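>>> What follows is a predicted structure for the sequence shown.
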Amino acid sequence: MDAGTAAVLGAGVGVMGTTLAATIAGIAGQRQVRAEHRHWRRQLRRDAYAAFTGKADEVHEALRGIEAELARPGHDLDGLRHLLEETRRLLRADLADTQTAVELEGPEELARMAGELRQSLSACVAAIQARILGRESGDAIDANQSHRIRSYLGHASNKRQQFVSHARRAIDV
């Protein structure tokens, strides 16, 4: 083989090597972009789940406080009505907004579970409302009424635990 042919073959091998290197770099770049996108999506989900859980906890704690106060003789019934109305607003506005973020970020199972937790908290609000509706005095609610409200609170706690457990798995994917 003469020197000209060897030079042409060498140049062809060099071009092929450069093309191969560029292809490999392109594939690696795409993988990096996909990995960054997955990380970004996990972070969005984590933020949505954390915000929802935080607002649900806020509602739950307010309801626990109302229930405890209702069980105490001599409570301020008007003050509790006001606190219950504030809690209802928190449930309908802030918790609903954070639930929307969970619904948008998904997955569908977590969106469903967020709805179940919110419904459970709403049922607790309704149970408390039913216990104070039409009451005139600060007499303590009876043990059966208190037990019923606490069972609603317990149900909401279970729904929260389920949501958090599934959220952890969704983030770790």
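Received it, and whenever you're ready, just let me know what you need.

>>> CA only for contacts and neighbour counts going forward, please
Fine.

>>> Give me the pLDDT for the residue nearest the centre of the chain.
Central residue of the chain (Cα atoms, centre = their mean): Tyr49, 2.3 Å from the mean position. If you check Tyr49, the pLDDT there is 97.

>>> The helix or strand that contains it: what's the following helix or strand?
Taking DSSP states H and E as the definition, Tyr49 sits inside helix 3-70. For helix 3-70, the following helix or strand on the C-terminal side (DSSP H and E) is helix 77-90.

>>> Nearest residue to the residue nearest to the centre of the chain in space, please, no chain neighbours.
Leaving aside its chain neighbours, Tyr49 sits nearest to Val102 (6.2 Å; criterion: Cα to Cα, 6 or more residues apart in numbering).

>>> ok, that neighbour to Leu95 distance?
For Val102, the distance to Leu95 equals 11 Å [Cα to Cα, to the nearest Å].

>>> overlap in contacts of the two?
Phe52 (Cα atoms under 8 Å, 6 or more residues apart in numbering).

>>> Look at those two and report which has more neighbours.
Neighbour tally, Val102 and Leu95, criterion other Cα atoms under 10 Å: the higher count belongs to Val102, 28 against 23.

>>> sorry, back to before: pretty sure the residue nearest to the centre of the chain sits against Ala167.
Yes - at 6.7 Å, Tyr49 counts as touching Ala167 under the criterion of Cα atoms under 8 Å.

>>> list residues touching both of the two?
By Cα under 8 Å, 6+ apart, no residue touches both Tyr49 and Ala167.

>>> Tell me which residues touch Val164, please.
49, 53.

>>> Try it again at 7 Å.
Listed by Cα atoms under 7 Å, 6 or more residues apart in numbering, the contact set of Val164 is empty.
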